[in-house]
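A.B. asks: Here's my sequence, what's the structure:
(one chain, ligands or ions: 1)
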Amino acid sequence: MKLKVKSVVLILTMLLCSLAPAFAYAADPYPKTSPTHGKFGQFKYKEASGGRIEIDPSWSKSNIVSVSLPGVNKTVSIHKNAKDALVKAFTTIKNDPALLKKVKTLDGTWVPRHISWDASKPLSEHSWGIAIDINASANPQGSKPTSDNKTLWEKAFKPAGFNWGGNFSGSDVDGMHFEMPY
Ligand SMILES: [Zn+2]
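C.D. replies: Numbers count the residues shown, from 1 in each chain. Okay, here's the model as predicted:
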């Protein structure tokens, strides 16, 4: 009887030991952690294809909100702490027909990805939902921004607290891109 108990204990121990590594090394679904961006926070993520990333949905759920942009009849996803500034910029645009005409396309707000969709580059501010691209086709990265986008920044986005990619230097110039400082 005593021997039998010992055998059972031994078998159980062996079983547990063989299972333990599976628990210890269970893959973290979001093994990477972003830098922190002040009030916009940081998140866990994993790499995806084409320079995209996949963010831990628990972060997105508590930080990313939908907002209807005044004037352009479009709903976009944005960080909850950038929402008021974005609404302010688009309220200015809505109230100035000449400005509203300058907004031809909206080309992305919350897009979890690396800069330039290049996995070797840092994470884009779009990952945090604190940037918006406007008139992308006429304002590709690295080229001279259009006067339309310069005017949009000066009259609507700058007063709302945004920085403009048109002011970035050299090949980083990004005239389509407006972002909240962090
Ligand atoms: Zn951008």
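
A.B. asks: contacts and neighbour counts: CA atoms only from here.
C.D. replies: OK.

A.B. asks: Could you measure from the residue nearest the centre of the chain over to the ion?
C.D. replies: Residue closest to the mean C-alpha point of the chain, counted by C-alpha atoms, centre = their mean, is Ser127 at 1.2 Å. Distance of Ser127 to the ion, given as C-alpha to the ion, to the nearest Å: 10 Å.

A.B. asks: all helices for the protein, in order.
C.D. replies: Using DSSP state H, the helices assigned to the chain run over residues 2-24, 57-63, 83-94, 97-102, 147-152.

A.B. asks: Tell me which residues touch the closest residue to Ala48 other than its chain neighbours, please.
C.D. replies: The shortest distance from Ala48 to any non-neighbouring residue, by C-alpha to C-alpha, 6 or more residues apart in numbering, is to Glu54 (6.2 Å). Contacts for Glu54 (C-alpha atoms under 8 Å, 6 or more residues apart in numbering) come out as 30, 45-48, 112.

A.B. asks: do the same with Gly170
C.D. replies: So Gly170 contacts Gly142 (C-alpha under 8 Å, 6+ apart).

A.B. asks: Hmm, Asp133 is touching Met176, no?
C.D. replies: Yes. Using C-alpha atoms under 8 Å, Asp133 makes contact with Met176 at a distance of 4.9 Å.
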